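Asker: The sequence isn't on hand, but the structure is:
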């Protein structure tokens, strides 16, 4: 079970992301082909884009990071996906969340 969107908004903002309240396809092209969701939160950090889709109050149905679907099965997976980039080129090779 993962906490709801309100909890994660605070955690995501602490990791340096800014919420986009009215995202458009120009800013988030990955939204163009997405179906409906119970809730959808969009964030940016520099040139990175994060989309979290909710299927219910505490259930994540999809996480997209820069248009790539990420597998998030636990709170730890989501924490790893949103953590700040260290700038270390080898950091991306370290496990974060699993990809589909």
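Answerer: Good, I have the coordinates. Computed from a prediction, not measured in an experiment: that's the story for all the values here. Residues are numbered from 1 along each chain as shown.
Asker: which residues in this protein form helices?
Answerer: 5-14, 75-82 (DSSP state H).
Asker: Pick the most deeply packed of the ones you listed.
Answerer: For the helices of the chain, the largest average neighbour count (mean count of other CB atoms under 10 Å) is found in helix 75-82, namely a mean of 18. Any C-beta I mention is one placed from the backbone N, CA and C, and that applies to glycine too.
Asker: Who are the packing partners of that helix?
Answerer: helix 5-14, strand 48-54, strand 60-65, strand 68-71 (3 or more CB pairs under 8 Å, 6 or more residues apart in numbering; DSSP states H and E).
Asker: weakest of the helices of the chain in terms of mean pLDDT?
Answerer: For the helices of the chain, mean pLDDT drops lowest on helix 5-14, to a mean of 81.
Asker: where's that helix relative to the chain centroid, distance-wise?
Answerer: In terms of CA atoms, centre = their mean, to the nearest Å, the centre of helix 5-14 is found 11 Å from the chain centre.
Asker: how much does that helix deviate in direction from strand 48-54?
Answerer: Relative orientation of helix 5-14 versus strand 48-54 (axes from the mean of the first three to the mean of the last three CA atoms, to 10 degrees): 170 degrees.
Asker: Run the angle between helix 5-14 and strand 60-65 for me.
Answerer: Using the same axes, to 10 degrees, helix 5-14 lies at 20 degrees relative to strand 60-65.
Asker: between helix 5-14 and helix 75-82, what angle do the directions make?
Answerer: Interaxial angle of helix 5-14 relative to helix 75-82 (the same axes, to 10 degrees): 40 degrees.
Asker: who does helix 5-14 touch, helix- and strand-wise?
Answerer: Going by 3+ CB pairs under 8 Å, 6+ apart, helix 5-14 lies up against strand 18-20, strand 39-45, strand 48-54, helix 75-82.
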